[in-house]
Structures are given as C-alpha cells and as structure tokens.
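Enquirer: sequence and predicted model, in that order:
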Amino acid sequence: MATTDQISQFADALAAAQGEFVELATWGEVWEFGASLSDYEPVVSPSAYAQLQRGILPDSNDPLRSIADRAVGITVATLAVAETGSVLLVEPAPIDRAVSLLTRHLIVAVRGADLVDNLADGFRWLARQPRAAAYATFVTGPSRTADIERSLTIGVQGPSRLSVAVIA
Amino acid sequence: MSASTAPFKTRYRRSVSDPDLRPRLLEFQRSWRESRDAQVRRLEQRRERSFDELRHDFAAVKDATLERLDDYLAEFRANAEAAGATVVELRTAADAVQYIAAVCKSRGIDLVVKSKSMVSEEIELNHELEQRNITAIETDLGEWLLQLAEERPSHLVMPAIHQKRQYVAEILGKELGEDFDPDDIPAMVASARGGLRRHYLAAGAGLTGANALIAESGSIMVVTNEGNMRLATSLPDVHFITAGIEKLIPTWADAERQLQLLPRSATAQTLSTYTTCITGAQPGKEMHIILLDNGRRAMRDHDVIGDALRCIRCGACANVCPPYQIVGGHTFGHIYTGAIGLVNTTFHHSLADAAGPQGLCVSCGACETVCPVAIPLPKQILEVRKRAHESGHAPIWERAALRLWARPRLLNSLFGIGAWASALARAIGLVRRDHLRLPLPKRLRWRSIPTLPLRSGQTLVRSRAPQSVIAPAPASGQTVDLFAQCLADRLMPSVVDSSARLIEAGGAAVNLPQDQHCCGLPAFDAGDWQTARRMARQTIEALESGDHQIVTPAPSCVIAMREHWPQLFADEPKWRERTAAVSGRVHDLAAWLDGDGRLPDDSLSGGERESWSAHRFCQASNRGDAGARIDLLVQRLTGESALPIEEPEVCCGFGGLTSMAAPEVGEGILDRKLDCVAQSGCETLLTNNPGCAIHLRAGAAARESRHDTLHYADFLAARLPKSRTP
C-alpha cells in the first residue's frame, strides 16, 4: 500500500505537470466524479469497464472514431510513479487506447498498491512484462504544446484535462 | 527557395535583419537556463550524484553500445521481428526514401501522417514522397506550421521557435480558412487540433522517429508532449519508424537512464507528457523499422567526432549558444541545428553544407557544459573547421590576415605605422577614450577602432626599474619568463607591464624571452592548422630554453599551449615533445598569483575604491579552470567585493575571428554582455583575457558606456607601490 508520503509526492509532481490529483477512495466514487462532469455518460476503457461495470465502451469495430472528442473518459493505470506524477497506461489494442487518446477530460484510476517510487521502478516492471510493452505509455499530465512562441498551451491533441485518483 | 535552404550568406543576412529573432531567443535561452538548472539540481539531489557523473554514466552506455553496434543491432532485430515488426538496415537517405515509398505504393497508401522525426528531416522525406505522389503531413504542431510555411526546423526540440505568432496566425488562417487573432494562441491551437485530426483519420500510414531502440526487447521508445505520436500510431494500419542506428541502447534500465537526462535537458521538464514504448506490430497492423546509417558508421570510426553519435537530440547545445541566440537555427546549422549541427552535418549531409556556419562559433565551450552525454563539441567543431579550411571554404581575407599575423616583423612595421597615425589622429582631435572617431560602415559602428600605442608592452617593461617587493611569494628569488601575448603587447601594453609588476611584487625577477610573438591560437581557431603550426613553432623556439616558469596574462594562450599544441603536432613526435617542455611550465597570471607567485590577502587593498564587476573569460570558465574566477582573486587581494553581474561567464562576442567574419554576431553578443554590465551598475569591468578586454573596451567606447574596462592585472597593479624611476 502506498504511504502518505508517496501519495503526496505523486500529487505534487502531477500538479507540476498541470495534472490534477483527485481524492477518491473507491471505484464508485471515480464513476460518480466522472458522471458529475458532463451531461453525457462517461466513456470507459475495457479495463475501467471491468471494474465499474458501467459506462460506454468504444465500439469494437471502430473504437477510435466511435468516441472521438467525447467529454469525459475513465481508464485504469497499471501503475503510477510518485517521483514524476506519471501513470503507466498499458494499452495493447486500439480499443484500450481510444479513451486515453481521444476524450477531452481523462480520469485515470490507479490502485494505491500500484504506486512505485520512481521511474526506474516503473521500467523494471515493464522489463519483466513483455506483453505490456506491446504498447505502454507513461502519461505525465495533460497533452501540451509550446510550439507557438513558447506559449504553454494545454490540450493540443490528446486530453486537455487529466485527473488521477489513487484508490484503495 | 525557403528560409533554411538558401545559401549560407543569404540565410545569415535574413536572420540578422530580423529584429524580433534576437530578443525572442534571448528570452528563451534565459528562461530555459533557469528551469533546466533547477531540474538538474533536483536530479542531483535525488540521485545523490552530480550531473557530470550522471551524464558520463549514460555516455559510457552509449559508447559501449556503439562499440558493439552490430551485436546490438542483431539483438534488436531478432527481438523486434519476433514481435512481428519488419526491420531494415539501410545505408543511404535514398535507400530509406525508396523503401518507404515502395511500401506505400504496394499498399495503395497516398497519405502518411508523421510524428516528429529528425531522421525524416535528415533524408528530406516529405519532399521526396511528394515527388512520388505520396502526401506526408506533419502532426507535431510546430512541424506542421513549418510544413505549411515550407520551412525547416530551426531548433531540434522547438522546431518553429523562429516563427512569430502573427505569422502563425497568417499561415494557419490560410490553411484552415479562419481568421485568427494572433494574441489568442489557445484558439489557434484548438483549431489546429481539429485541422490535424482529419488527417489521422484519412491516413494509410503513420511515421514516427524513435528516441531509443531497446535491444533486449526490440522495443522503440518515443517521447512527446502533444500526444500526436500516439494518434499517428493508433489510427493508420501501417507504422513506419525512421531512426538512426545510434539510437540503440541495450536495456530498459538504460532507457530510464536516458529519460533522466533527455526531458530535463530538452524542455526542462522532469518528464515529457507521453513516454511511449511500443514492441512489435499490433494485431492486424504492420510495423516497419528503418534503421539508417547515412554516414553514422563513418562518424563512429572518426577519432575526434565519433563521440557525437552519443547525441540524444535534446537541443541543449543551442540553448546556451551565444551566436545561436543572434542568428537562430536556420543560419546556425543546416538541417541539424546548434553545435551538434555544426558537427554532424559533415557526415549526414556534406562538408559544404557544414562549412557556412563554422565561423559563427565563438569557441566559448558553453555547449559542452550542458550536453547530457558530454560530447566534446568545441573540439569537434574545430576539427570540422580544419577540414573546411583545408577544402578551401575559408574566406580569402581570413587566410591573408592569418598569414600576416604569422610574420611578426612585418606586423611590427605595420603596427609602428599605425601607432604614428594614431598619434597624429590624437593631435588633430580624432581620438576619444583611446579610440578613433572615424566614420565606419553601419554594420561595424558598434565597435570603435582602438588607437595603437607607440610603445609595446615589452618595451614598457624593459624601460622601467623593477617593482619593489611587497611580500615574498613562494617563487621569490626565481626568474620568471613572461609571455606577453601578441594582442596585449601591441594593443593593451599596460597589461604586460602590470603583469610583470605583479610578478615582481612577489619577489621574482621577470625575463622577457626574445622573439616571442603568438601561440598560434587565432589560426588554430580558424582551422588553419598549417599557419598555426608555424606560429606555435616560433613560440616554442622562443620559450623552450631554460627552466623558468612561464607566466602570461592570457588564459586563452595557456589553453592553446596545453591542449591545442599536442593536437597540432600529433604526427610530429619531436615537436610534440618540445611543446611539452613549454606547456608544462606555463601558468595563467591569475593562477600564478594564487600559487607560486601568491600575494597575501588584502595586500592590494590601498588605492581608490571603485565599484567593479568581473566578466570571466568564457572558455576558461566553461572548462572549470581554477584561474577563471578572477573576481575571487581580486576580492582576495583588494578586500573589495565584486558587484554581482548576470551571466558572468557568457561570452563577450570577441570569439577570435568571429567578430570580424560575422560582425552582427559579435555586436549582438556584446550587446547582451554590455546590458548585463550596465545593469550591474559597476564603474569598472574587469576581465582576464586580453582579446576580450580589447573587444569589451572598444564596444563600450562605441556605445559611450559609463564604465571603464580593464584587464584585472591593470586594476591590481594600480594598487602597487610605485616603481622607482630609473
């Protein structure tokens, strides 16, 4: 289980990357939070659906087009890195990736037990999981660009808001 | 012809006539420096290792991989292919283009979406595909803006940093059919998002680069902030990866080591937003990994330039480069920009492509201090310059000037004439603050022409009685050879005399070896090794007899003797031995005054108190030389503290021949320096290299700055008890 120190380090690092830490303790609270953000039902990744048993799954025939620019999405991270505020999304198939790629506000839930100290721990885990490495992304904050006159702009191609909850 | 493909001279003129470029890049360099330094400090604390240790650790990984490149390539290929990827190793840019085009043709693909790939820039892929009726669309926002403007990246990481928001509003407006308010950058970004999205949906293939190729698993690792790479690899059915073979690393643990250094050095982030690792083709899709040589094996086998293959494309070398700040990447580089571009262009493109900007580098050495893989860039740039010079790329005036400098007798006659002319000018009121008031062409007006003194530094020393001893130093009673340095001797003779007096004040006698002139540094810097050798031989012959310690007020000459001479005479063992006989005895005056010629604390505390700041000679400072921090020496001897000054070790813009070959660069860097000096509020600016002192003084005279510029030897010697007159 994550220590309080680890969690506060994670929350600080996430904030430094323009992400937001949300204090939610259970899957139920994660759903409530997501549902409260929009009039539409959140879209959920297959891994989130397995926990929540609700929400709209991407269409398996055309997962990416089916949910492009939906307002709120929920997914589950395999682990989180306290030092950098990153979450590791393991998404081998396009249907796994659809929610984290294309929704405007992405909510990521990660279990406290899956919080590791630093990126080296994250890579050690990845090195032992060849299947996960098929398509794995450490996500640190929302999509951003500074390509126009170095002006930091959040939300260019991926989600413009990223909320992360460390749940029990 | 676009801004970045025109001939060098055209590019140079364009960039120096853009009034917005300098301030924008200055602001960028300063804010990057601040955030990057904070990131590096935090990293050092967390890892309990210095940046230098961390970067050498990872450099060692890269070196070991490059040494056994073929083994790691085989391992990578086997693992990637086992995971369903197709791996091809290709020798030339043309081979890579052919391969990609052939795959597209056979799959009926006519639209490719691209995430940022410097290798695709290197092989000019977009243009080549267009010739074959395949459209490539850049999806990184900056790269897309460049594509719309038909330009090349001007920075490795911030490709469109040269574009103004007004210009962006114009080109985006044209592409998207909207009217943009240039001040509403979020609105432009939001529209660009929509504009790019439709391309992902329509494309048959996605193309990305790779920041690392992980041999033990056959994975690629790509770092982005926007998320376009994930889109480009998720929507289309074919994924191309273009990467140089040097991107190989053995293990996942090495990938993490690279990540400790890359985002911090690139965008000063702890970690970029997306670090994506992909292993093999996804079910129902194709993955083609194109591993490109294009000069890399030849580069690896080069004894001086081989280390440049460690490069992880962070762009830090440009972010601290003073001339880059003045001209930007379209001029400072070719397709690869910044210091690394001055080096690797020779191998990926051509010596002719690399030759133009060579003269812009001021050899300050700042790039090497921040390079996360410790590439000895300054030394490599000098190597490329040598090749450019040998191939006839140096301007005629430069060759002539260096040959003249190598003939001390002729030079002395000319300086003699100049000195009389200066005296005449003074008599008729054409001199102000020791500089001539002459109408100069506009591009040279930022620096006044110094008057030439009638008596050389060596003459001044010979024509006075010895300085009285203030306190015996460890070298008291010895005789010390003084190397006057060619510039100081002729243009700032008081520096030579002051140096001699400071040595004598410690109880040593000063001897001026006959026929001393120039160590050869100006020619070496310009790549003219033949002339440099001639001057070095003259100096060795003048200094080699006897076993006196040798002291000089010019730290640049000490570096030249210790480091450049062995390079110059690498193939001449006898001369190499003779260089050692001299360079083993040579000391920079500042180090001498703290060492064998040490004067006691506060021993020069008398005299008029005036506020002073110090500009540390950049090259010595960036190398971490002990004598570079002259402010500490002056503080110790006078008991007076320096006024703080911003960027004390950033180059003043003299840079040997740079300020003559590229006056706008000399002017721009000097302006940056003099602004810092003015801001410090000091009455006197002290510096430690005669060339810099002359340059800073001439610039201050032209701008009519209120401060005075002195070599610290003059400042200190003015506080010595007066010499008895003979």
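Expert: Structure received.
Enquirer: what's the first helix or strand after the worst-scoring helix or strand of chain A on mean pLDDT?
Expert: Ranked by mean pLDDT, DSSP states H and E, the helix or strand of chain A with the weakest confidence is helix A:63-66, at a mean of 82. Counting by DSSP states H and E, the next helix or strand C-terminal to helix A:63-66 is strand A:72-76.
Enquirer: ok, what's across the strand from the spatially most central residue of chain A?
Expert: By Cα atoms, centre = their mean, chain A has its centre lying nearest to A:Val108, at 3.3 Å. Assessed by DSSP bridges, A:Val108 has beta-bridge partners A:Thr75, A:Val164.
Enquirer: contact partners for it?
Expert: Residues in contact with A:Val108, defined by Cβ atoms under 8 Å, 6 or more residues apart in numbering or on different chains, are A:74-77, A:87, A:89, A:100, A:139, A:162-165. Heads up, the C-betas are built off the backbone N, CA and C, glycines and all.
Enquirer: now with 6 Å, please.
Expert: A:Val108 makes contact with A:75, A:77, A:87, A:164, according to Cβ atoms under 6 Å, 6 or more residues apart in numbering or on different chains.
Enquirer: so for it, what's the pLDDT?
Expert: At A:Val108, the predicted lDDT confidence score is 98.
Enquirer: with B:Ser4 instead?
Expert: What the model reports for B:Ser4 is a pLDDT of 54.
Enquirer: how about B:Gly194?
Expert: 88.
Enquirer: neighbouring contacts of the strand or helix carrying it?
Expert: Here B:Gly194, judged by DSSP H and E, is contained in helix B:185-202. Contact with helix B:185-202 is made by A:148, A:151, A:153, A:156-157, B:111, B:113, B:137, B:139, B:141, B:172, B:176, B:178, B:180, B:231, B:235, as judged by Cβ under 6 Å, 6+ apart.
Enquirer: list the buried residues of the least confident helix or strand of chain A.
Expert: Using 16 or more other Cβ atoms under 10 Å in any protein chain shown as the test for burial, helix A:63-66 gives A:63-64, A:66.
Enquirer: then stretch B:698-706?
Expert: B:698-703, B:705.
Enquirer: still on that earlier bit, in ChimeraX, how would I select the buried members of the contacts of helix B:185-202?
Expert: Buried residues within the contacts of helix B:185-202, by 16+ other Cβ under 10 Å, are selected in ChimeraX with:
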select /A:148,153,156,157 /B:111,113,137,139,141,172,180,231,235
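Enquirer: if we can go back for a sec, dump the C-alpha coordinates for the helix holding B:Gly194 into PDB.
Expert: Extracted C-alpha coordinates of helix B:185-202, given in PDB (Å, rounded to 0.1, in the frame of the first residue of the first chain):
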ATOM      1  CA  ILE B 185      -2.800  31.300 -29.100                       C
ATOM      2  CA  PRO B 186      -5.200  28.900 -27.400                       C
ATOM      3  CA  ALA B 187      -7.700  29.500 -30.200                       C
ATOM      4  CA  MET B 188      -5.100  28.800 -32.800                       C
ATOM      5  CA  VAL B 189      -4.100  25.600 -31.000                       C
ATOM      6  CA  ALA B 190      -7.700  24.400 -30.700                       C
ATOM      7  CA  SER B 191      -8.300  24.900 -34.400                       C
ATOM      8  CA  ALA B 192      -5.000  23.200 -35.300                       C
ATOM      9  CA  ARG B 193      -6.200  20.200 -33.300                       C
ATOM     10  CA  GLY B 194      -9.300  19.900 -35.500                       C
ATOM     11  CA  GLY B 195      -7.300  20.500 -38.600                       C
ATOM     12  CA  LEU B 196      -4.900  17.800 -37.800                       C
ATOM     13  CA  ARG B 197      -7.500  15.300 -36.600                       C
ATOM     14  CA  ARG B 198      -9.000  14.700 -40.000                       C
ATOM     15  CA  HIS B 199      -5.600  13.700 -41.400                       C
ATOM     16  CA  TYR B 200      -5.100  11.000 -38.800                       C
ATOM     17  CA  LEU B 201      -8.500   9.500 -39.800                       C
ATOM     18  CA  ALA B 202      -7.700   9.600 -43.500                       C
END
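Enquirer: that helix: what's the following helix or strand?
Expert: Downstream of helix B:185-202 (by DSSP H and E), the next one is strand B:205-208.
Enquirer: which non-adjacent residue is nearest the closest residue to chain A within the stretch 601-726 of chain B?
Expert: Closest residue of the stretch 601-726 of chain B to chain A, Cβ to the nearest Cβ: B:Arg672 (18.7 Å). Spatial nearest neighbour of B:Arg672, chain neighbours left out: B:Leu26 (6.6 Å); criterion: Cβ to Cβ, 6 or more residues apart in numbering or on different chains.
Enquirer: what pLDDT does the model give that neighbour?
Expert: 97.
Enquirer: quick check, it in a helix?
Expert: Yes: the assignment for B:Leu26 (DSSP: H, G, I helix; E, B strand; the rest coil) places it in a helix.
Enquirer: what about it, neighbour count?
Expert: 17 (other Cβ atoms under 10 Å in any protein chain shown).
Enquirer: okay, the residue of chain A most remote from its centre and B:Arg257: tell me how far apart.
Expert: In chain A, the residue that sits farthest from the middle, by Cα atoms, centre = their mean, is A:Glu149; the gap is 28.7 Å. For A:Glu149, the distance to B:Arg257 equals 33 Å [Cβ to Cβ, to the nearest Å].
Enquirer: do the lengthiest helix in chain A and chain B meet at all?
Expert: With secondary structure taken from DSSP state H, chain A has its longest helix at helix A:4-16. No: Helix A:4-16 lies out of reach of chain B by Cβ under 6 Å from any Cβ of the partner chain, never closer than 7.0 Å.
Enquirer: is it fair to say A:Ala48 lies in a helix?
Expert: Yes: A:Ala48 forms part of a helix when assessed by three-state DSSP.
Enquirer: helices or strands next to the helix or strand containing B:Pro323 in the packing?
Expert: Here B:Pro323, judged by DSSP H and E, is contained in helix B:322-327. The contact analysis (3 or more Cβ pairs under 6 Å, 6 or more residues apart in numbering or on different chains; DSSP states H and E) places helix B:322-327 against helix B:21-47, helix B:663-680.
Enquirer: rerun that using 7 Å as the cut-off
Expert: Applying 3 or more Cβ pairs under 7 Å, 6 or more residues apart in numbering or on different chains; DSSP states H and E, one finds that helix B:322-327 makes contact with helix B:8-16, helix B:21-47, helix B:663-680.
Enquirer: and those helices as a markdown table, adding distance to B:His199?
Expert: Shown next, in a markdown table, are the helices and strands packed on helix B:322-327 (distance: least, Cβ to Cβ, whole Å):
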| stretch | distance to B:His199 |
| --- | --- |
| helix B:8-16 | 30 |
| helix B:21-47 | 29 |
| helix B:663-680 | 39 |
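Enquirer: nearest to A:Tyr40, of these?
Expert: Closest approach to A:Tyr40 among the helices and strands packed on helix B:322-327 (Cβ to Cβ): helix B:21-47, 38.6 Å.
Enquirer: list the buried residues in the closest one.
Expert: By neighbour count on 16+ other Cβ under 10 Å, the buried set for helix B:21-47 is B:21-22, B:24-26, B:28-30, B:32-33, B:36, B:39-40, B:43.
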